[in-house]
Structure formats: structure tokens, C-alpha cells
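> I would like to see how this sequence folds:
(2 chains)
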Amino acid sequence: MSDTITIARQFIEALPHSRALGMVLESIGEGVAVMSMPYDARLVGDPMTGVIHGGAVSALMDTASGTAVMSHPQAGFSTATLDLRIDYMRPATPGQTIRARAECHHVTRTVAFVRVVATDDDESRPVATATGAFTVERGAK
Amino acid sequence: MKRPEPVHIIKQRREGLLRALVDAVPYIGFMGIEFDRRGDELTAVLPYRDDLIGNPALPALHGGATAGFLEVAAMIELAWSTLWDGVEAEGSLPEGPLRLPKTIDFTVDYLRAGLPRDAYARARVNRSGRRYASVHVEAWQDNRARLFAQGTGHFLMPPIKAE
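This is a model prediction of the structure:
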């Protein structure tokens, strides 16, 4: 398990756009991944409120989802997003880290289905949720 | 008949509106997204940079960078098209800071891998009401007809100031 998280962390840290956004892989399990993104003034979408832009939240949720797929026992070590639908429930509180927990809840021979929830410090009220479909590479595990 | 305005006045006003919408958003600058304007037609441009890559093995643009690009293109088109008539009629920008629409939901459809080169996007407002709007956006790289991603978003319109 510790090998898995080391390999996964190295993999995520090698993704240039995830690195540019300051993403950190917090935990990874079989089909589940948690990633966080610290507050960064460069990512603000609404200058009047200081709220992070939805695009940066999308990138976090997409990365967490892909990581969850790759950690699933029946999926491969590579995946691509087919589609991702994000619902923005409320603005993330400025200054707080955003954390996305992605769960790959179903895998077929060709497609992996993922649900993601993003929260800030108030974990009882989601900032955003997303559902996505991802590719499963042939010749997977 | 009223004499047509000098072209530089028209351009200055339209560029002014575009700049007021785009330059206020730090994330647009972070991504390096630019807007090419021809009359009222906007094309969002995402100039290629290495830090937009998600998969270095292929290499391919990060799905999150693509999603952010599409959302910015959709939101700016919506704000732009909403403000256009008023600014053209008044001949000046509305007073005070411009309020941008808020994203309610956004769906991205990844059609093919984003290549390590510039990307373009154009959005179309399919429905714009007093409170809600629905916007579709298409993105391509080399060929306009070969989309690499498309998206649809619903937006909450900023409250209209009392008359």
C-alpha cells in the first residue's frame, strides 16, 4: 500500500497542470482518491469575492477522478476522461483548501464510472459534486 | 440620418468592454486565455504552455485545463452578449464593476486528446433569461470541424440593477 501511494504521488506530481495548481494527493485506496488544492489568489474567478474559479475546481475533481480510476483493481494504469459533469453547490470559502474525494463506483471492461465531492473546511456542505465516465485501457490488470 | 461613429471610437468601446470582463478575472490570466474579437464574435484562445499538460507520456492537455478553458469561454461569451446591446446603445460601459454570471453546472464532453498546441473555443448562448442561461461551447485545435471537446453549462445571471 505504501508503495502504491508513493508511485501514485510521483505520478500525480509529474502531471504539469496539476502541479501548476498546487494539487496534493492525500490518500489513495482501491478505487478511491482524495486530492487537495490550497487556496491561491491566482486561481480566483470572482475578484469581488475572492472565490476560486470553477475551472480550477474542475481540474481538481478531474485529477482526483482519474487517480481513483487508476487505483481501482479492475482498471489500468492509464485513463482518459470521456465526460465530466460538475454541479456547483456553493462558492468555496476564500482562503480555505479545497479537497476532492473521488470514488470509482463501477468498472466495466471499457468504462469506469466516478462520483466526486469537493469540500472546503466545512465538510458538511459540499462546494461541488461531479460525475464522470473514464476510459479503461485494454490489457488492464 | 445620424453620422456613423468614427471606427476608432467603436473599437475602443468594444475592446474596453472585453478588457473589463476579461482582465478582472485572475484565473483567466493564470491560464493565459486570450480573446480574439471580430465585431461581436469572440473566439477564446488558449496558447499552448507546458504547464497545461495532464499526461506527459502522450503528451495531452489536462482534462481540467480543457474544462477551465471551456467554462471561461462560455461565461465570457454570456456576459459579453448580455452587455453588448446596452453598451452599443449607451456608447459607454455601465458604471461600477461588471458582475459575471455564476456557473450552476458544467458538462464537458472530451472527444479526442488535446494536442500540445494552441486551442480555440467559441460559445453560443442558446437561452438567456432574466435568471438562468444555457450556453454551449465548442473547442478545436487544427481544424474547426474536428472538435476536441465541447461543453454545456447553466449559469445564474447577475441581478439586474433596479431602474
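> how about residues contacting stretch A:41-56?
A:21, A:37, A:39-40, A:86, A:88, A:91-92, A:94-95, A:98, A:128, B:24-27, B:29-31, B:64, B:67-69, B:71-72, B:97, B:99-100, B:102-103, B:106 (CB atoms under 8 Å, 6 or more residues apart in numbering or on different chains). Quick note: C-beta positions are derived from backbone N, CA and C, even for glycine.
> which of the residues you listed fall within helices?
B:26-27, B:29-31, B:64, B:67-69, B:71-72 (DSSP state H).
> out of those residues, who's near chain A?
Filtering those for neighbours of chain A using CB under 8 Å from any CB of the partner chain leaves B:26-27, B:29-31, B:64, B:67-69, B:71-72.
> pLDDT and neighbour count for these - can I get that in a markdown table?
Listed next are these as a markdown table, based on pLDDT from 0 to 100; neighbours: other CB atoms under 10 Å in any protein chain shown:
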| residue | pLDDT | neighbour count |
| --- | --- | --- |
| B:P26 | 97 | 19 |
| B:Y27 | 98 | 22 |
| B:G29 | 98 | 14 |
| B:F30 | 98 | 20 |
| B:M31 | 98 | 27 |
| B:G64 | 96 | 30 |
| B:A67 | 98 | 28 |
| B:G68 | 97 | 32 |
| B:F69 | 98 | 29 |
| B:E71 | 98 | 29 |
| B:V72 | 98 | 26 |
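> would you point out which residue is most central in chain A?
A:A64 (2.0 Å; CA atoms, centre = their mean).
> now do that one against B:R49, distance only.
Counting by CB to CB, to the nearest Å, the gap from A:A64 to B:R49 is 23 Å.
> what's the answer for B:G96, then?
Distance from B:G96 to B:R49, by CB to CB: 34 Å.
> pick out whichever of those two has more residues nearby.
The residue with more neighbours, out of B:G96 and B:R49, is B:R49; 15 against 7, by other CB atoms under 10 Å in any protein chain shown.
> who touches the more buried one in this structure?
So B:R49 contacts B:G32 (CB under 8 Å, 6+ apart).
> need phi/psi at it.
Taking degrees, to the nearest 10, you get phi -140, psi 150 for the backbone angles of B:R49.
> the helices in the chain, which residues?
The chain I'm using is chain A. A:2-13, A:16-20, A:54-70.
> looking at chain B here, not the other one
B:7-22, B:26-31, B:63-90.
> deepest-packed of the ones you listed, please.
helix B:63-90 (a mean of 23; mean count of other CB atoms under 10 Å in any protein chain shown).
> residue 51: how many residues sit nearby?
Here I'm looking at chain A. 19.
> let's do chain B instead
The burial count for B:D51: 16, using other CB under 10 Å.
> for B:R38, same thing?
Count around B:R38 with other CB under 10 Å applied: 7.
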